[in-house]
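1. Sequence and predicted structure are below.
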Amino acid sequence: MFAWKVRPLPRLRHRYLACDTTVLTRLRPAWNVTGTTALNAEQSRKAFLAQAAGLSASLLAVPLPAFAAKYGSIGAGSTAVLDPTEAEIDEDVLKSSAVQGALEKVKGYQSTVQKMKAGLDSDPQANLKPYIVKELDFANLRDSLNILNSAFEEDTQRGTDRLIRAILQDITELETANAQKDGVPRSARRLEIMQGKLAKLDKAFGDYIAFAK
């Protein structure tokens, strides 16, 4: 008869567990640091949002100029000149033939807008696209506005730049509102939008020209 000897099982499993425990022990500090960092970041974010909310509330408590309400926020501490009577102008540049020519063109654009407004009042179904494309050519209009703008000093340009953007945006929106399918009458709502855009354009051109007076 053979005598079977029972050998003890190797303790590899225990060594692996010991190794795993060591690794986890070494990883734990790093995990804690990451968790702490994430917590600090979240706390910082909440503090930032709270500060931003307080700043926004304080800014809203300050009345903004009517110019900023119509043509965009000027931002805290901005040096933009918003009052035409306070405009800083290079008189020599303003008197140049190029700038005077641009000024006359801008006045012509305002006159065109007024004529379109009168035409739309007399005929609510009038198609203004030919006038918009020809008389308010985007590239020529932008060049004229920018040439006239060159006569203003830097702080004044920060204000007039908003007027230029508003004018170009309103012309784009006017052309979009004018688009109408053949045989479909213009709705009262669309007519109201177009009349509003023309009124805004007339006002914006007038405000812009006032800076050159």
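-> Perfect, I can see it now.
2. The residue lying closest to residue 153 once chain neighbours are set aside and residue 126: what is the separation?
-> Using C-beta to C-beta, 6 or more residues apart in numbering and skipping residues adjacent in sequence, the residue nearest residue 153 is residue 88, 3.7 Å away. Yep, even glycine has a C-beta here, placed from its N, CA and C like the rest. Using C-beta to C-beta, to the nearest Å, residue 88 is found at 41 Å from residue 126.
3. Specify which residue of the two has the higher count of neighbours.
-> residue 126 (16 against 13; other C-beta atoms under 10 Å).
4. okay but the more buried one is in contact with residue 119, surely?
-> Yes. The criterion here is C-beta atoms under 8 Å, and residue 126 meets it with residue 119 at 5.2 Å.
5. Which residue ranges of this structure form helices?
-> Taking DSSP state H as the test, the helices found in the chain are 12-60, 66-71, 91-94, 97-122, 129-135, 138-149, 154-178, 188-210.
6. ok, and what's touching the last one?
-> Outside helix 188-210, the residues that touch it by C-beta atoms under 8 Å, 6 or more residues apart in numbering are 67, 70-71, 84, 103, 106-107, 109-110, 113-114, 116-117, 120-121, 124, 128, 145, 148, 160, 163-164, 166-167, 170-171, 173-174, 177-178, 180, 186.
7. can you state the direction angle for it and helix 97-122?
-> Helix 188-210 runs at 150 degrees relative to helix 97-122, counting by axes from the mean of the first three to the mean of the last three C-alpha atoms, to 10 degrees.
8. buried stuff in helix 188-210?
-> 191, 193-194, 197-198, 200-205, 207-209 (16 or more other C-beta atoms under 10 Å).
9. Spatially nearest residue to residue 105, not counting backbone neighbours?
-> residue 144 (4.3 Å).
10. Show the contacting residues for that neighbour.
-> Contacts of residue 144 by C-beta under 8 Å, 6+ apart are 102, 105, 106, 109.
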